[in-house]
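Student: Compute the structure for the input listed below.
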Amino acid sequence: MHAGASEAQLNYIAGLFDGEGSAGVYRPLQLLASIHMGSRLGVDYVASCFGGHIDEIHATKPNCHNLYVLTYSHLRAEAFLRALLPHLIVKREEVELHLETWDRLKTTPRWAALSVIKEYRDRLVIISPHRTGHNGRRTRGPDKHPRKQRCARIPASSSFQL
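Tutor: Predicted coordinates for the structure are as follows:
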């Protein structure tokens with residue numbers, strides 16, 4: 001799958017996933033990872049390294065563009081996320097939780113899986129409160145108007161270091 005991917009390629013793909021990707025554990029016991037982009041070039045590049053099928057979602061509004069989606073599930077999602085994990089920055093803690101929960105679900109009896117999913121959702125709200133609310137549905141986060149505090153001004157002379 002990613003045997004031929006170099007460190008630079010994995011870093012690039014991890015950057016795409018940090019910005020445009022999503023992952024999660026869903027019922028009935030599915031691990032999913034996907035990248036959604038308005039440009040097909042990015043998802044084509046990821047697919048060339050990890051394989052997969054790209055879906056095109058056609059825009060329904062006149063001023064919008066099509067969306068290209070590359071999705072992995074189950075074992076392919078697990079391999080994809082494990083390969084990217086050392087290179088992730090923004091979504092590292094979230095992906096660690098997804099993989100930890102997935103590992104637990106693989107060894108949990110089906111009748112006990114619901115409690116593992118509930119614990120996962122509770123921990124996910126703590127890690128990324130902007131992502132899911134108390135009921136597991138997407139919310140806008142603690143502030144009702146995210147665009148008002150969209151970004152901070154950074155002077156051009158400042159430098160960014162990891």
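
Student: how close does the nearest residue to Arg110 once chain neighbours are set aside sit to Leu85?
Tutor: Spatial nearest neighbour of Arg110, chain neighbours left out: Leu29 (7.9 Å); criterion: Cβ to Cβ, 6 or more residues apart in numbering. Using the backbone N, CA and C atoms, a C-beta is placed for each residue, glycine as well. Distance, Leu29 to Leu85, by Cβ to Cβ, to the nearest Å: 21 Å.

Student: wait, what's in contact with the residue nearest to Arg110?
Tutor: When contacts are counted by Cβ atoms under 8 Å, 6 or more residues apart in numbering, Leu29 touches 105, 110, 113.

Student: Surely the first one forms part of a helix?
Tutor: It stands for Leu105. Yes - under DSSP: H, G, I helix; E, B strand; the rest coil, Leu105 sits within a helix.

Student: per-residue confidence at it?
Tutor: pLDDT recorded at Leu105 is 88.

Student: With Ala23 instead?
Tutor: Ala23 is given a pLDDT of 93.

Student: Over to Arg137?
Tutor: Reported pLDDT for Arg137: 52.

Student: again with Ser128
Tutor: 75.

Student: how near is Leu99 to His65?
Tutor: Distance from Leu99 to His65, by Cβ to Cβ: 32 Å.

Student: how about the helices in this structure?
Tutor: 7-20, 40-50, 74-84, 92-107, 113-127 (DSSP state H).

Student: as a whole number, average confidence for the first one?
Tutor: Helix 7-20 carries an average pLDDT of 93.

Student: Pick the most buried one from the helices of the chain.
Tutor: helix 74-84 (a mean of 19; mean count of other Cβ atoms under 10 Å).

Student: Having no further points to raise, I will conclude here.
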